[in-house]
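K.L.:
what would the 3D arrangement of this be:
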Amino acid sequence: MRMSRQRLILAAVIALLFKALFSARAADDVVLVKGERVSGDVTGGIGNWSIGGTTYKATDVLCIRFAPDPAPDHIPAGVFIRGGSLLTGTLTSSKGENAEITSNVFGDLKIKRDEVAAAFFPPPADQAENMPELSRYASLQAAALGSPGALLKPGQQTRLRSTGGDEMIADKIMRVDMENVTFRKPDGESPSIKRSTVRLMEMQLAPPPAPTPDEERSGPETIVRLKSGDIVRGRVLKLSDKGLTIRTAFMGEKTLDRSTLSALFLAGSANMTWLSSQTPAKAVFTPLFDSDFPARMDASVDGGNLLVGGLLCERGIGVHSKSMLEFALSGAPSRFVAVVGIDAETHGRGEVSARVLADGKEVWSAPSITAKDAPKIVSVDLATAKVLTLEVDYGPDNDDSADHLDWGWAAVVR
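P.N.:
Numbers count the residues shown, from 1 in each chain. This next block holds a predicted model:
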């Protein structure tokens, strides 16, 4: 009897130890604006973060990676919200002043219809995807972030795309329900079509209003990406061991379970600019053979998610050798920060050399970057330079095969 009780106690202790071991959360991965990468449990909100017990201003943190989970390959149905959010789920109704959304994460939502910038629905079960704008998650993310060159421009025009690929230009989407979509054509006609034949709707909207002083006092605008693929733009009020509370313009305050979080990063501000949010002043691609690989903003050069040495980067630039990108700077004292490496889509192939120049003067270089190298953190003082140049060459192998370089989390900080 005594041995049996001791075994029961021992088994209970072992069970508790295993529970504690496997329920422990991995340390969060953080990139700072000064070009350092640190790790630790992150908590805080409204202007400050605590990272492993050290306090940082919210504006000192470029991005936080909560989980190493890969981004979704694609999303079958979703809704773009004005200002830079993307909700996985379905636009079920849009009429009068209101829109109703069945969100995979937030449940049933009722918001102002003027907040809905676009919506897309699954293609028929027997039809393969025929719209590149919707075939990859990276394209959806770039559209939500407003990246230059994004294939979709939510809120910029009013149109419908059918499941067959036909495009219809409209003046206004009049009504959406579970059965039909009614829209007004430029000639004044208002036809209705079956919603089951609609793949994509885009609605032209006024830009979101400027933030109020009260909103600005509640901390910088951030973008939170969830493991589900949702992208939520707002201001973080609190991050605890249990969850994150964020205030958004379209649905007020919401609290998300911490287990659902993938990443959080600054939306950008007067003191910090994501290079992928800018159109280069000059972009030159020099192929070794007859090929064309233009730079892509917030996507790899092949249009996939940016994966630098296994590190997923929601923001950045994907390029192919030989490339040169020039960006105009304001001239204020600034710093360039990036996480650089060969994209995982090459499956271990590729070798390049890379340089960063400020007003034509080299400030950083790497003679050789291979797919086997760990990500390189670039953090260089640009002083008051007016031109930032990013160059990628063929590398020591003098070959451009699989030379897919990512300038991940590339930002200019003033």
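K.L.:
list the contacts of Ile317.
P.N.:
Taking Cβ atoms under 8 Å, 6 or more residues apart in numbering as the criterion, Ile317 is in contact with 275-276, 295-298, 325, 390, 406-407, 410. Yep, even glycine has a C-beta here, placed from its N, CA and C like the rest.
K.L.:
give me the element it is part of.
P.N.:
Assigned by DSSP states H and E, Ile317 belongs to strand 316-320.
K.L.:
give the buried subset of the contacts of Ile317 as a ChimeraX selection command.
P.N.:
Selection command for ChimeraX covering only the buried members of the contacts of Ile317, criterion 16 or more other Cβ atoms under 10 Å:
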select :275,276,295,296,297,298,325,390,406,407,410
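K.L.:
what is the nearest of the contacts of Ile317 to His347?
P.N.:
Lowest distance from His347 to these (Cβ to Cβ) belongs to Asp406, with 14.7 Å.
K.L.:
is the closest one bridged to anything, and to what?
P.N.:
Gly318, Gly341 (DSSP bridges).
K.L.:
for Asp29, see how far away Val176 is.
P.N.:
Applying Cβ to Cβ, to the nearest Å, the value for Val176 to Asp29 is 40 Å.
K.L.:
neighbour count winner among the two?
P.N.:
Ranked by neighbour count (other Cβ atoms under 10 Å), Val176 and Asp29 place Val176 first, with 23 against 19.
K.L.:
quick check: that one touching Met203?
P.N.:
No - the criterion here is Cβ atoms under 8 Å, and Val176 misses it with Met203 at 10.0 Å.
K.L.:
which residues in the stretch 51-200 of the chain form strands?
P.N.:
Chain-ordered strands for the stretch 51-200 of the chain, with DSSP state E, counting those that start in this stretch as the definition, fall at 54-57, 61-65, 78-81, 85-95, 98-103, 107-112, 116-120, 159-162, 167-169, 172-176, 180-184, 192-194, 198-202.
K.L.:
who wins for proximity to Leu307 among the ones you listed?
P.N.:
Comparing the strands of the stretch 51-200 of the chain by Cβ to Cβ, strand 61-65 comes nearest, at 12.3 Å.
K.L.:
starting at the chain centroid, how far to that closest one?
P.N.:
Distance, stretch centre to chain centre, for strand 61-65: 12 Å (Cα atoms, centre = their mean, to the nearest Å).
K.L.:
skipping its backbone neighbours, what lies nearest Ser190 in space?
P.N.:
Using Cβ to Cβ, 6 or more residues apart in numbering and skipping residues adjacent in sequence, the residue nearest Ser190 is Arg184, 4.9 Å away.
K.L.:
actually Gly84, sorry about that
P.N.:
Arg233 (4.3 Å).
K.L.:
quick one: contacts of the helix or strand containing the one you found?
P.N.:
Using DSSP H and E, Arg233 sits within strand 231-239. Strand 231-239 has contacts (Cβ under 8 Å, 6+ apart) with 42-46, 49, 58, 81, 83-87, 141, 144-145, 215, 218-226, 244-249, 253-254, 256, 258, 264, 267.
K.L.:
who touches the residue lying closest to Thr54 once chain neighbours are set aside in this structure?
P.N.:
Leaving aside its sequence neighbours, Thr54 sits nearest to Gly40 (Cβ to Cβ, 6+ apart; 7.5 Å). Neighbouring residues of Gly40 by Cβ under 8 Å, 6+ apart: 27-28, 30, 51-54.
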